[in-house]
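> requesting a structural model of the entry that follows:
(one chain, ligands or ions: 1)
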Amino acid sequence: MASALKNLSEYNSDKLIDASGKRFGLIVAEWNKEITDALCKGAYDTLIKHGALPQNIHRNTVPGSYELPLGAQFLASSQEIDAVICLGVVIKGDTKHDDYINHAVAKGLIDVSLKFNKPVVFGVVTTNDLQQALDRAGGKHGNKGVEAAVAAIHMLSF
Ligand code: DLZ
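Numbers count the residues shown, from 1 in each chain. This next block holds a predicted model:
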């Protein structure tokens, strides 16, 4: 699976536009902060790698993933942002909180994307445990932040 994810990322990279003229909003949930910081670094480095200028990457935080849609709406409604990348980590616990959060966030983000006609990327790692999250934040299964940035740049090529 790790190599499949890597190949998908490389495949998309070949098709990516030069992002030097584009402006990005990064929204990072502070819940599970050590992991979301790693996602953020992956996304930021990927945007830079594809030509985005540091001054055109605007980073904001929200308390938890549940707040990502409203954060995305704040940024997507701005004329100065072309794409929004939302990063969070939701880990399953004893209750069904993860289900409620994940469904609300997924629906909320696609609604914002379609409302503002802009890429609003779902860069949320949803796992059964902490190790699975670490594996997807720079570990053996890559970095969801990198994939989210690739998706945002890809969608800006339309
Ligand atoms: C409350 C909560 C719980 C239990 N778990 C997570 C989580 O795993 N990941 C995450 O990003 N946020 C979590 N939160 C916080 C909610 O997203 C939200 O910030 C609060 O419910 C306040 O609205």
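
> can you classify the residue of the chain positioned farthest from its centre by secondary structure?
Here the centre of the chain is the reference, and by C-alpha atoms, centre = their mean the most remote residue is residue 94, at 25.8 Å. Put simply, residue 94 is coil when judged by DSSP: H, G, I helix; E, B strand; the rest coil.

> got a pLDDT number for it?
pLDDT for residue 94: 93.

> how about residue 45?
Looking at residue 45, its pLDDT stands at 97.

> from the ligand, how far out is it?
Applying C-beta to the nearest ligand atom, to the nearest Å, the value for residue 45 to the ligand is 22 Å. Any C-beta I mention is one placed from the backbone N, CA and C, and that applies to glycine too.

> got it, and residue 101?
In this view, residue 101 and the ligand are 5 Å apart by C-beta to the nearest ligand atom.

> do the same with residue 134
From residue 134 across to the ligand, the span is 14 Å (C-beta to the nearest ligand atom).

> what is the neighbour count of that residue?
19 (other C-beta atoms under 10 Å).

> quickly find the element holding the closest residue to it other than its chain neighbours.
Distances taken as C-beta to C-beta, 6 or more residues apart in numbering place residue 35 nearest to residue 134, at 6.6 Å, with adjacent residues excluded. Using DSSP states H and E, residue 35 falls within helix 33-49.
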